[in-house]
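> okay, here's the prediction I keep looking at, along with the sequence it came from:
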Protein chains: 2
Amino acid sequence: MNQRYPSVLLENAVNELASLPGIGRKTALRLALYMLRRDIGYTERFASALTALRKEVKYCKVCHNICDDDICGICNDPRRDHSLVCVVENIKEVMAIENTGQFRGVYHVLGGIISPMDGIGPADLEIDSLVRRVANNEVKEVILALSTTMEGDTTNFFIYRKLSTYDTKVSVIARGVSIGDEIEYADEITLGRSIVNRTTFNDSIKQ
Amino acid sequence: MNQRYPSVLLENAVNELASLPGIGRKTALRLALYMLRRDIGYTERFASALTALRKEVKYCKVCHNICDDDICGICNDPRRDHSLVCVVENIKEVMAIENTGQFRGVYHVLGGIISPMDGIGPADLEIDSLVRRVANNEVKEVILALSTTMEGDTTNFFIYRKLSTYDTKVSVIARGVSIGDEIEYADEITLGRSIVNRTTFNDSIKQ
């Protein structure tokens, strides 16, 4: 449908809003009209928060997490276990794991996973800097916490091979039936893996 | 959940994005990270399109539609029938009616409907300017195209009373079973009204 907008300014704003992933043209128009109803300071704050993020954001020089300084709050925290490094795809996983409150180690953000279909190879990711961290520092264990997709498994294996020359333990996060899920409805691969990787009952109630 | 963000800049951007209607914090984070992956010019264009809309947008002095000049393209068009004024709630309805290609008259955008629950009275809407248009100009017919809610019906009736002293026809758009809808599934009120307001078969095939 070749929708006609009564104003070029409105059309530009709708085009920009609709360029965001998951926002269609109808939603974009609704958002643009919402901004027109709010006071002018609202749109100014909105626009400056986004440009400030894009222009001034920094990435931690150690773990490549998003931060406001050269080293992020987690890497700078002396109470965290710096010998335990959890490898994740992106900062969303860092936030998800931090929210569990269960992990007291540090992170390494790859910035993606190996995906030949999307033209992403190992050189595009922060894998070399992970190897350097393992080579230079006292990293006792690297925990791989990537998605269980073909790309995630490929990346896991690539990192495992790269780290195999070092005296560092490499582990992956446990996969199994989610807590609260009914066994009956769990998919076969997950259920199978959760039986193979069973833990002793005593260990499970300690957590 | 008290989600911790690794960066204040990111948190500000997520807060602003999540202040939009229908955008939750998870979606807001996804959008902010999407902007970080795009080049810096993308976010600059995005932000400037929104501020330009908010700062420079104008409203037509005749019909109060959004436009880039003092008078909108529709009110300025000599080929349109300026004696036929369609009253709508907002510019979204103008765009919807324009897209049908069936209306050759002009519009009057109220900027809302009477809604005592939201504190919106007749004085907050462009009703007086509608009455002035009817009083000053050669308006032959006013078509009310508001929603069939209690607020819409109230507004319809208020406008009808205001215009009753003038020699102008006041009509409302037809309500009935949507084209393509099955009669069986139409709601009772719509179906009842479409029977009461039936048209002769000859009229219906002319359209």
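Received the coordinates, thanks.
> now the strands for chain A?
Remark: strands assigned in chain A by DSSP state E are A:58-59, A:66-67, A:81-88, A:105-109, A:141-144, A:169-172.
> wait, which of those strands is closest to B:E182?
Nearest of the strands of chain A to B:E182, taken as CB to CB: strand A:81-88 at 51.3 Å. C-beta here means a position set from N, CA and C on the backbone, and glycine is covered the same way.
> check which residues of stretch A:87-99 are buried.
Buried residues in stretch A:87-99, defined by neighbour count with 16 or more other CB atoms under 10 Å in any protein chain shown: A:87-91, A:93-95, A:97-98.
> out of the strands of chain A, nearest to chain B?
strand A:66-67 (4.8 Å; CB to the nearest CB).
> touching chain B at all, the lengthiest helix in chain A?
For chain A, the helix with the greatest residue count under DSSP state H is helix A:40-56. Yes - judged by CB under 8 Å from any CB of the partner chain, helix A:40-56 comes into contact with chain B through A:40, A:42-56.
> those residues, buried ones only, as a ChimeraX selection?
Only the buried entries of the residues of helix A:40-56 next to chain B go into this ChimeraX selection, using 16+ other CB under 10 Å:
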select /A:43,45,46,47,49,50,51,52,53,54
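> now do the helices in chain A.
A:8-18, A:25-37, A:40-56, A:91-100, A:127-136, A:150-163, A:188-196, A:201-206.
> winner for burial among those helices?
helix A:8-18 (a mean of 20; mean count of other CB atoms under 10 Å in any protein chain shown).
> packing partners for that one?
helix A:25-37, helix B:40-56 (3 or more CB pairs under 8 Å, 6 or more residues apart in numbering or on different chains; DSSP states H and E).
> how about those in a markdown table, adding distance to B:K169 and mean pLDDT?
As requested, those are exported to a markdown table (distance: least, CB to CB, whole Å; pLDDT from 0 to 100):
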| stretch | distance to B:K169 | mean pLDDT |
| --- | --- | --- |
| helix A:25-37 | 31 | 92 |
| helix B:40-56 | 37 | 94 |
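> could you provide those helices in TSV, with additional columns for distance to A:D68?
Listed next are those as TSV, based on distance: least, CB to CB, whole Å:
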stretch	distance to A:D68
helix A:25-37	27
helix B:40-56	17
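> which residues does the closest residue to A:A52 other than its chain neighbours contact?
Leaving out its chain neighbours, the residue that sits closest to A:A52 by CB to CB, 6 or more residues apart in numbering or on different chains is B:L9, at 5.6 Å. Residues near B:L9 by CB atoms under 8 Å, 6 or more residues apart in numbering or on different chains: A:49, A:52-53, A:56-57, A:68.
> how about these, which pair is most distant?
A:A49 and A:D68 (13.7 Å).
> if we can go back for a sec, B:K162: which of the helices of chain A is closest?
Nearest of these to B:K162, taken as CB to CB: helix A:25-37 at 24.8 Å.
> give me the helices and strands touching the closest one, please.
helix A:8-18, helix A:40-56, helix B:40-56, helix B:91-100.
> distance of the one residue sitting closest to the centre of chain A from A:H108?
Against the mean C-alpha coordinate of chain A, by CA atoms, centre = their mean, the closest residue is A:N90 at 2.5 Å. A:N90 is 12 Å from A:H108, where distance means CB to CB, to the nearest Å.
> pretty sure A:L130 contacts A:H108?
Yes - the pair A:L130 / A:H108 is scored as a contact, 5.0 Å apart, by CB atoms under 8 Å.
> where do the contact lists of the two overlap?
With CB under 8 Å, 6+ apart as the test, A:L130 and A:H108 both reach A:85, A:87, A:142.
> the second one touches A:I159, doesn't it?
Yes - counting by CB under 8 Å, a contact exists between A:V87 and A:I159, whose distance comes to 6.5 Å.
> which neighbours do these two share?
Here A:V87 and A:I159 share the contacting residues A:130, A:142, A:144, scored by CB under 8 Å, 6+ apart.
> mind putting these in a markdown table, distance to chain B and pLDDT included?
As requested, those are arranged in a markdown table below (distance: CB to the nearest CB, whole Å; pLDDT from 0 to 100):
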| residue | distance to chain B | pLDDT |
| --- | --- | --- |
| A:L130 | 18 | 94 |
| A:V142 | 20 | 92 |
| A:L144 | 21 | 91 |
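> for those, which one is nearest B:M35?
Nearest to B:M35 among the shared contacts of A:V87 and A:I159: A:L130, at 26.0 Å, using CB to CB.
> now for the closest residue to A:H82 other than its chain neighbours, how many residues are close by?
Spatially, and ignoring its direct neighbours in sequence, A:H82 is nearest to A:V106 (5.4 Å; CB to CB, 6+ apart). Residue crowding around A:V106 was assessed by other CB atoms under 10 Å in any protein chain shown; the count is 24.
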